[in-house]
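> Kindly return the folded structure for what I paste below:
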Amino acid sequence: MTLDPQFDGAHSAGEARRAVRQGLGVALATSAYGISFGALAVAAGLDVWQTCVMSLFMFTGGSQFAFAGVIGAGGIVAAPAAIASASLLGVRNVAYGMRMSPVIGAGFWRRAAAALFTIDESTAVSLAQRTLRARRVGFWVTGLAIYVGWNISTLAGALLGDVLGDPRAYGLDAAAAAAFLALLWPRLRRRQPIAVGVAAAVIATILTPALTPGIPVIVAALVAIVVGWTNWLGAPDAAPEEPEDVAEREGLP
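As a prediction, the model looks like this:
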């Protein structure tokens, strides 16, 4: 069935506006805990400028919290483990990039710019939309808004932490664990991710008193690799659903 062009255009514009609203809402909520990262990083021994540079160029909250948390627990000696932990958490963005490639479209500079903004939140908002245009709008609005908000709140948190001192007095030392839990919780809907989460937590808890900070996280990550490799407790992945306009263009049902 052929849609009326005016209706189709209005529908597409409505979807894009909804993507903008969702993206800005997610950006506002996500940017807020950049304050915790800034304070935690300064308390871990990083300078204000080092903390801000990390947010400017690394820009992936989970990896940043991991790096600052491991450095704070083990000092400069734990730097290799901190880098390894942050890198492991950043690997997921490569998978996001592969999934978002058809949404972003062709062009070297467009893809290069999109690489910086390919994070959990921008990917989630984008893939939640039903049209290709809305997915693109959701991706860019969410990514750009979080980038600006995260860097502003990082600076604020770093300056605040530098003034207030020990973040443990305000409960900010729990920010890293809270951030990881927020990322993990929505994924615990099937047997496989629940089994991975429980097994990794048990292994990390057992090894933490005996090993250098950061190493238990790396060892626990091997659980996910083994489970993913064997697809234990998992089911064959279904083909990802295409946006409405892509499906119509390709003649899909």
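
> So, low pLDDT: which residues of the protein?
Within the chain, the ranges that satisfy pLDDT under 70 run 1-11, 73-78, 81, 85, 88-89, 162, 164-187, 212-214, 228, 234-253.

> Surely Met58 touches Gln64?
Yes: assessed by Cβ atoms under 8 Å, Met58 is found in contact with Gln64 at 5.7 Å. C-beta: built from backbone N, CA, C; applies to glycine.

> Which one of those two is surrounded by more residues?
Per other Cβ atoms under 10 Å, whichever of Met58 and Gln64 has more neighbours is Gln64, with 26 against 14.

> so what's that one up against?
37, 41, 54-55, 58, 86 (Cβ atoms under 8 Å, 6 or more residues apart in numbering).

> just the buried members of the residues you listed?
37, 41, 54-55, 86 (16 or more other Cβ atoms under 10 Å).

> Mind giving me the packing neighbours of the top helix by length along the chain?
If you go by DSSP state H, the chain has its longest helix at helix 132-164. Applying 3 or more Cβ pairs under 8 Å, 6 or more residues apart in numbering; DSSP states H and E, one finds that helix 132-164 contacts helix 5-32, helix 34-43, helix 48-57, helix 92-104, helix 108-117, helix 120-127, helix 244-249.

> Check which element follows the strand or helix carrying Val196 along the chain.
Per DSSP states H and E: Val196 is located in helix 191-207. Using DSSP H and E, the helix or strand that follows helix 191-207 towards the C-terminus is helix 215-230.

> Pick the most buried one from the helices and strands packed on helix 132-164.
helix 34-43 (a mean of 26; mean count of other Cβ atoms under 10 Å).

> export it as PDB, just CAs?
Taking C-alpha atoms only, helix 34-43 is exported to PDB below (Å, rounded to 0.1, in the frame of the first residue of the first chain):
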ATOM      1  CA  GLY A  34      29.500  13.000  35.300                       C
ATOM      2  CA  ILE A  35      29.800  15.100  38.500                       C
ATOM      3  CA  SER A  36      30.500  11.800  40.400                       C
ATOM      4  CA  PHE A  37      33.100  10.800  37.800                       C
ATOM      5  CA  GLY A  38      34.900  14.200  38.100                       C
ATOM      6  CA  ALA A  39      35.000  14.000  41.900                       C
ATOM      7  CA  LEU A  40      36.000  10.400  41.900                       C
ATOM      8  CA  ALA A  41      38.800  10.900  39.400                       C
ATOM      9  CA  VAL A  42      40.300  13.800  41.300                       C
ATOM     10  CA  ALA A  43      40.200  11.800  44.500                       C
END
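
> Check which helices and strands that helix is in contact with.
Looks like helix 34-43 contacts helix 48-57, helix 61-74, helix 132-164, helix 175-184 (3+ Cβ pairs under 8 Å, 6+ apart).

> Quick check: closest non-adjacent residue to Val227.
Spatial nearest neighbour of Val227, excluding adjacent residues (Cβ to Cβ, 6 or more residues apart in numbering): Val196 at 5.2 Å.

> give me every residue that touches that neighbour.
Counted by Cβ under 8 Å, 6+ apart, Val196 has contacts 223-224, 227.

> likewise Ala29?
So Ala29 contacts nothing (Cβ under 8 Å, 6+ apart).

> going forward, begin numbering at 53 instead of 1
With the count now opening at 53, the last piece we talked about shows up as Ala81.

> ok, it to Met152 distance?
21 Å (Cβ to Cβ, to the nearest Å).

> tally of neighbours for Gln181?
23.

> phi, psi of it?
Backbone torsions of Gln181, given as degrees, to the nearest 10, read phi -90, psi 160.

> tell me, how many neighbours does the residue nearest to it when sequence neighbours are not counted end up with?
Nearest non-adjacent residue to Gln181, counting by Cβ to Cβ, 6+ apart: Arg187, 4.6 Å away. By other Cβ under 10 Å, 26 other residues sit near Arg187.
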